[in-house]
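# With the input below, show me the fold.
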Amino acid sequence: PPHGEPSEAENASPNKRSNSTANDDADCNNNNNNNNSSSVVNHVTSGIHPAPNSEDGDLALARLLQQQERAMLMMYANPEDESEDDEDVDPNDDVALARRLQREEEREQRARLLALAGVAPPRAQQQQQQQEDAEGGEEEEEEEEEDQDLTNSDVVTKYKAAADITNKCLVTLLPKLVPGAKLIDLCKTVDDMMNAELAAIFKGKKLEKGIAFPCCLSLNNVVGHYCPADDDTVTLKAGDVAKVDFGCHIDGYIATQAHTHVVSDSAADGATPVPPVTGRVADAVACAQTCFDAAVRLIRPGKKTDEVDKVLAKIAEVYGCQIVEGVMTHQMKRFVIDGNKVIPNKPATDQRVDSQEIEAGEVYAVDIVVSTGEGRSRMIDERQTTVYKRALDMEYKLKMKAARAVFSDINKRFPALPFTTRYLEPPEGKASLIKLGMKELLDHELLYAYPVLYDKAEKDGECHVVQVKGTILLMPSGWSDRVTKVPPEMVAEAKSDKKVEDQEILDILATSIDNPKKKKDKKKKK
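Sure, this is the predicted structure:
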């Protein structure tokens, strides 16, 4: 029977149980009370010999197997060497440390077996565990929080290392954004480079490293999340407004960024001057960059999360653009790309966001998306969606074998961060089974979808959507550090005939976010 459940033999009436079995039960109980596990095993394996033709043979055999299983569990439940773990171990004694680690692993294994069997651990072990939880639980939580805070220089180093990789990838990608280039090839280039760069750093350390957001390339009126499938045939053409969005993580510390590039025949390689942007596209580019610069200066310790959208609305009005609804700046934490503390760029009627105070030590993905259209994103074709994230608060017992295989792959390789279906291993080597398995996962809401969203033009005009996103560290010193950025020589000048004249906004834009000590140090080095 399953662990912890009575067998058919136990549920049988007493008069159907053999006398020898009852006597054996009494002997086993006495031996268990004496904690003599080895004698219990010997007795159970040799004391019952059901006759082949006996009416009670099947019941006796069932009890034999159950007693063997319980006896083995009692051996695990009463280890003789647990007391040795309480002794102090010399940190320089490698052998003693190895033995202690081995005992701890064995104890964990015993606990799992006992839990599966429904058998409670010994009272002494329970009391010891309760005492350890009471004394050390709070300290462990505090240490864990400290380890994940920007006060820890190692955490800052990991954020900046991840940011350096995204910066390198963007510099590599921009010269490739030329007419005729296939979107799928461009996205794979970024993803492959992120994986290669991640594999080359922090070698020898057991750190999780990987893609935090798959490369997406959204064109023109596409607001975001266009991550092409393997069979995608879309290519770039001159004049396309291409928004590239991606990110990676080191040990769960995420750096993500997005940049908008207007495709032209001139490659943005840093050597050749990037052609300036004009017309309504220039208005959108200038608007997005100005909104981003203002947001970075407003997202500071002591400020409120609802103090940003009003300034962004004023800037958008100057350039005749719309802040796209539904796009928000998210706080990021370890393995969390979209935290609960959010800063709405534009309040929406169907979204209620509580005002919260921004604190030092937090990390934000400042995300600005503006449009020359309506500024209302909508999904047109659900089949275009290829980016998903595990919904950790949902559970369901999957019925299909393909769904279980896909779900197992997701839980193993992408347990918390977004992924694209291109990354998944086909069950039984058949790509068609991925779609089949994904359907059951989505039907039971085990995944969050990142749908491809579109905006539309007002009054049959053109619609250009521009995005600027960067990772900002709010350092404990009170200064901000933008760790993801694009080299100025690779950014096109936006020749817009509009400019901000509001003194309040100009004062905000004139505020420095850099630590003045860093500037002094740079001058000294020069």
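# now the helices for the stretch 101-250 of the chain?
For the stretch 101-250 of the chain, the helices defined by DSSP state H, counting those that start in this stretch cover 123-147, 153-173, 183-199.
# got the angle for the shortest one vs helix 153-173?
Calculated by axes from the mean of the first three to the mean of the last three Cα atoms, to 10 degrees, helix 183-199 forms an angle of 150 degrees with helix 153-173.
# Against which helices or strands is helix 183-199 packed?
The criterion is 3 or more Cβ pairs under 8 Å, 6 or more residues apart in numbering; DSSP states H and E, and the helices and strands that helix 183-199 contacts are helix 153-173, strand 209-219, strand 241-250. Bear in mind the C-beta positions are built from the backbone N, C-alpha and C, glycine included.
# so which of those comes closest to Glu357?
If you check each of the helices and strands packed on helix 183-199 against Glu357 by Cβ to Cβ, helix 153-173 wins as the nearest, at 21.5 Å.
# residues contacting Leu398?
Leu398 is in contact with Arg404, Phe407, Glu440, Leu441, His444, counting by Cβ atoms under 8 Å, 6 or more residues apart in numbering.
# With secondary structure, pLDDT and distance to Gly320 as added columns, please give these in TSV.
Listed next are those as TSV, based on DSSP: H, G, I helix; E, B strand; the rest coil; pLDDT from 0 to 100; distance: Cβ to Cβ, whole Å:
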residue	secondary structure	pLDDT	distance to Gly320
Arg404	helix	94	52
Phe407	helix	95	47
Glu440	helix	95	46
Leu441	helix	96	43
His444	coil	95	45
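# Run through the strands of the stretch 401-526 of the chain in chain order.
Along the stretch 401-526 of the chain, the segments classed as strands by DSSP state E, counting those that start in this stretch run 419-420, 447-450, 453-454, 465-474, 480-482.
# Of those strands, flag the one that's most buried.
Ranked by mean neighbour count under mean count of other Cβ atoms under 10 Å, the strands of the stretch 401-526 of the chain are led by strand 465-474, which reaches a mean of 25.
# and it, what's its mean pLDDT?
In this model, strand 465-474 has an average pLDDT of 97.
# Next: stretch 315-326.
Averaged across stretch 315-326, the pLDDT comes to 95.
# Please state the backbone phi and psi of Lys456?
The phi and psi values for Lys456, taken as degrees, to the nearest 10, are phi -130, psi 160.
# any idea how far it is from Val234?
According to Cβ to Cβ, to the nearest Å, Lys456 stands 19 Å off from Val234.
# now swap in Ala403 and tell me
In this view, Ala403 and Val234 are 29 Å apart by Cβ to Cβ.
# neighbour count winner among these two?
Ranked by neighbour count (other Cβ atoms under 10 Å), Ala403 and Val234 place Ala403 first, with 23 against 14.
# Excluding chain neighbours, what is closest to the residue nearest in space to the middle of the chain?
For the chain, Leu417 is the residue whose C-alpha lies nearest the centre (Cα atoms, centre = their mean; 2.7 Å). If the residues on either side of it in the chain are set aside, Leu417 comes closest to Ala212, at 5.1 Å by Cβ to Cβ, 6 or more residues apart in numbering.
# Ok, Val234 next?
Residue nearest to Val234 in three dimensions, not counting chain neighbours: Leu183, with 4.8 Å by Cβ to Cβ, 6+ apart.
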